[in-house]
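> Take a look and give me a structure for this.
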Amino acid sequence: MADLSKGENIYLFKNWNEGFVGNGSFGDVYQCFDENNHRYAIKLYKLQGSNREIDSVKKEIDEEVKLLQMMKTSGNVINVYGCVKYAYYIGIITEYMPQGDLDYFMQQKEHFIPLSIRLQILYDTATGLDHLHRYSFDKKITHNDLKPGNILIDDNFHAKICDLGGANIAGYAPYSLNIQERSHSTVHTTRYAAPEFLDEDHRRIRMDSQHTLRLTRRMDIYSFGMMIYFVLTTNHPFSKFHDKAELKEFIIKGIKPDLEVCDIFERVQAGEDNRGLIETLVELAKHCWKQDKDERPESARWLRKKLKELFSSSGNVEMDVKKLQDKFPTKQHSTGEKVSLDVFLNPYIGISKQYSSASQRIHEDENEKANVP
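Okay, the predicted model is just below:
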């Protein structure tokens with residue numbers, strides 16, 4: 001595989017709309033390519049603050065990327081290939097997932113996704129979460145923003161967990177990660193967040209001497225319960241609530257989404273022979289989102305084993321995958337003109353008169369040509 005640690009070896013479409021994939025919690029995601037035209041994804045973070053703060057954030061992200069690269073591949077956590085740094089930007093390069101995130105995938109193909117593929121996605125997600133939670137004895141990782149937008153789908157409709165920017169090593173929230181945050185997104189998305197995370201009184205009790213919040217794996221388990229709800233209904237939990245303060249209050253009080261077996265059959269194209277399976281999934285979701293964290297499943301490994309049993313009895317998934325692939329074939333690569341990452345970022349970096357090395361050379365060449373009599 002090509003060395004992706006240098007911007008000169010990374011290429012994006014000159015027309016940024018052509019390669020735009022979507023918005024993450026802290027930045028925009030684009031398709032990118034190496035010199036052999038192998039496709040990847042790059043998430044570009046816009047940094048702000050003093051030079052010292054920016055340097056500190058770059059170092060933190062760089063260390064996190066290195067840690068993720070060292071993790072044994074589980075097959076269900078997105079592969080991270082490199083991290084490139086510029087004056088006010090940092091880019092994390094990952095594998096490219098052609099079907100996009102789970103939110104987009106479900107909304108676009110809702111009425112065509114059989115129960116077997118929905119179960120495959122849940123099983124894959126539980127497997128990835130188990131891998132994060134059990135990475136090593138001394139490095140316990142929690143995701144802290146598990147939601148459909150952070151699950152990516154490949155051409156065979158397998159799922160991988162992504163967007164580990166909110167993930168925390170050893171279970172503690174970072175004290176000062178000064179990344180420019182989009183107004184419509186938060187590090188921990190409210191609709192999928194555990195009540196103990198949202199409850200400020202509870203949080204104050206759980207603060208340690210360094211004033212950081214002890215984050216637990218059971219917060220991720222709660223979010224996984226809400227993920228089951230989404231996969232079965234294609235609705236985000238509490239979708240009728242638009243006021244964030246009101247939504248937080250309801251979650252803290254213990255209000256849960258309505259999830260009944262009888263409402264799911266038509267959505268998931270299930271026959272009566274699948275009733276027991278759907279009943280088990282509904283009960284599993286409700287077990288995961290228990291208000292008392294100690295009543296939730298204690299581990300993602302238990303979830304993975306439970307879902308494996310259900311997945312094994314869900315039908316002929318290979319046939320269902322083939323049918324869905326025939327109905328929604330993968331889009332071919334665009335043939336649009338590409339430029340290096342340095343050139344791609346040049347208009348943005350140039351605004352602040354800060355250039356990467358390659359962009360600096362381009363800028364100097366242009367000035368030199370302009371001064372030729």
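
> Give me the neighbour count for residue 296.
23 (other CB atoms under 10 Å). C-beta here means a position set from N, CA and C on the backbone, and glycine is covered the same way.

> Check the one 5 residues further on too.
Neighbourhood size, residue 301 [other CB under 10 Å]: 16.

> Check the secondary structure at the nearest residue to it once chain neighbours are set aside for me.
Closest residue to residue 301 apart from its sequence neighbours, by CB to CB, 6 or more residues apart in numbering: residue 130 at 4.8 Å. Following DSSP: H, G, I helix; E, B strand; the rest coil, we place residue 130 in the helix state.

> Tell me the spacing between residue 130 and residue 18.
Going from residue 130 to residue 18 by CB to CB, to the nearest Å gives 37 Å.

> okay, the two: which has more neighbours?
residue 130 (20 against 15).

> In contact with the more buried one, which residues?
Neighbouring residues of residue 130 by CB atoms under 8 Å, 6 or more residues apart in numbering: 74, 299-301, 303-304.

> same question, residue 32
Neighbour list for residue 32: 10-12, 19, 39-42, 93, 341 [criterion: CB under 8 Å, 6+ apart].

> Identify those among these that sit within strands.
Residues of the contacts of residue 32 located in strands (DSSP state E): 11-12, 39-42, 93.

> Closest one of those to residue 316?
For the ones in strands among the contacts of residue 32, the closest approach to residue 316 (CB to CB) belongs to residue 39, at 30.4 Å.

> bridging residues for that closest one?
Here residue 39 sits in beta bridges with residue 33, going by DSSP bridges.

> Look up the pLDDT of the residue nearest in space to the middle of the chain for me, please.
Centrality entry for the chain: nearest residue to the mean C-alpha point is residue 150, 2.3 Å, by CA atoms, centre = their mean. Residue 150 carries a pLDDT value of 91.

> Test my guess that it contacts residue 163.
Yes. With contact defined as CB atoms under 8 Å, residue 150 counts as touching residue 163 (4.2 Å).

> could you pull out the strands for the protein?
Going by DSSP E, the chain shows strands at 11-13, 20-23, 27-33, 39-46, 80-85, 89-95, 141-142, 151-153, 159-161, 168-169, 338-340.

> Now for the chain, the helix or strand with the poorest mean pLDDT.
The weakest-scoring helix or strand in the chain, judged by mean pLDDT, DSSP states H and E, is helix 357-370 (a mean of 43).

> just for the stretch 201-350 of the chain, where's the confidence low?
201-214, 333-335, 346-350 (pLDDT under 70).

> now with 50?
205, 208-212, 349-350 (pLDDT under 50).

> remind me which residues of the stretch 1-150 of the chain are low pLDDT?
137.

> Let's see that with 90 instead.
Residue ranges of the stretch 1-150 of the chain with pLDDT under 90: 1-11, 13-29, 34-37, 43-75, 77-94, 107-112, 131-145.

> which residue ranges form the helices in the stretch 51-200 of the chain?
For the stretch 51-200 of the chain, the helices defined by DSSP state H, counting those that start in this stretch cover 51-70, 102-109, 115-133, 195-198, 200-206.

> Residue 270 is nearest to which of these?
With distances scored as CB to CB, the stretch of the helices of the stretch 51-200 of the chain nearest to residue 270 is helix 115-133 (5.1 Å).
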